[in-house]
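>>> fold the following for me, if possible:
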Amino acid sequence: MALNIVGKIDESVKINHVLASVSDKTGLDVLIPGLVAANPEVMIYSTGGTYKAIQNILGENASRNLTAVSEYTGQPEMQGGLVKTLDFKIYLGLLSETYNEAHKVDLARVGAVALDMVVVNLYPFQSTVAQDGVTPEKARTNIDIGGPCMVRASAKNYLRVASVTDPTDYAGILRELQAGDATLSLATRLRLMKKAFAHTADYDAAIAAYFVEQSVADVEACFTVA
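The predicted structure follows:
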């Protein structure tokens, strides 16, 4: 398999398209208006509870700056929200490279946009398994699939995409956007990439640490086993 080795990137990237899906909605009421203030044409793609929260934050401007992921992809969410963002159109937007002509053709072919920022934090696995009496089934249902995939894809493509996983970073990001014509620097994208991969590594380690302690009997106790 031939790998894509990139030779040319932009030091600053304008944030035009944002994908947002967060369990912890802390700071959204600051981040979302700040993104719109920095770039009034920004489009935010979102799902589920995050979509509703952003819709409430934007109010009458929601129709201008907010799109449901299901509307963008043309695919409804799977029952229970199990599949929302795992879509070819989404990952073209996350992994496409600015100066790759083949990627431009792919984006145009499916009507996709290049996503410039991902705002994601994951299902609260660690806090769930810290509760008294938590069962393996409750732990299992709090394993995030789409979130880590979006974080890893955006972090891998830090050459063009900002992977935002920590609400404490929102204020600094907004300051940079406001000072730089809605752009983020390579230095910031690289810093966010390092933090993003640490975030998913800690998350996977917590899942592994919990389930290594669970026996088959612990799991069977959660279900009627046919």
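
>>> give me the nearest residue to L86, chain neighbours excluded.
G146 (5.5 Å; C-beta to C-beta, 6 or more residues apart in numbering). For glycine as for every other residue, the C-beta is placed from the backbone atoms N, C-alpha and C.

>>> distance check, that neighbour against V118.
For G146, the distance to V118 equals 11 Å [C-beta to C-beta, to the nearest Å].

>>> coming back round to it: state the pLDDT value of the residue nearest to L86.
Looking at G146, its pLDDT is 92.

>>> show me where this structure has its helices.
Applying DSSP state H to the chain gives helices spanning 28-38, 48-58, 62-65, 69-73, 88-95, 101-110, 125-129, 136-141, 146-156, 170-179, 186-211, 216-220.

>>> for the ones you listed, which has the smallest mean pLDDT value?
Note on the helices of the chain: lowest mean pLDDT is at helix 125-129, with a mean of 90.

>>> list the helices and strands it packs on?
Using 3 or more C-beta pairs under 8 Å, 6 or more residues apart in numbering; DSSP states H and E as the contact test, the elements touching helix 125-129 are helix 136-141, helix 186-211.

>>> with just CA atoms, put that helix into CSV.
Below are the C-alpha coordinates for helix 125-129, written out as CSV (Å, rounded to 0.1, in the frame of the first residue of the first chain):
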residue,chain,number,x,y,z
PHE,A,125,-16.4,5.9,30.7
GLN,A,126,-14.0,6.7,33.5
SER,A,127,-16.6,8.4,35.7
THR,A,128,-19.2,5.7,34.9
VAL,A,129,-17.0,2.8,36.1
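
>>> tell me which residues of that helix are tucked away?
125-126, 128-129 (16 or more other C-beta atoms under 10 Å).

>>> and the contacts of that helix?
134, 138-139, 142-144, 203, 206-207, 210 (C-beta atoms under 8 Å, 6 or more residues apart in numbering).

>>> kindly report the same for stretch 50-68.
Residues contacting stretch 50-68 (C-beta under 8 Å, 6+ apart): 20-22, 25, 28-29, 32-33, 36, 42-47, 69.
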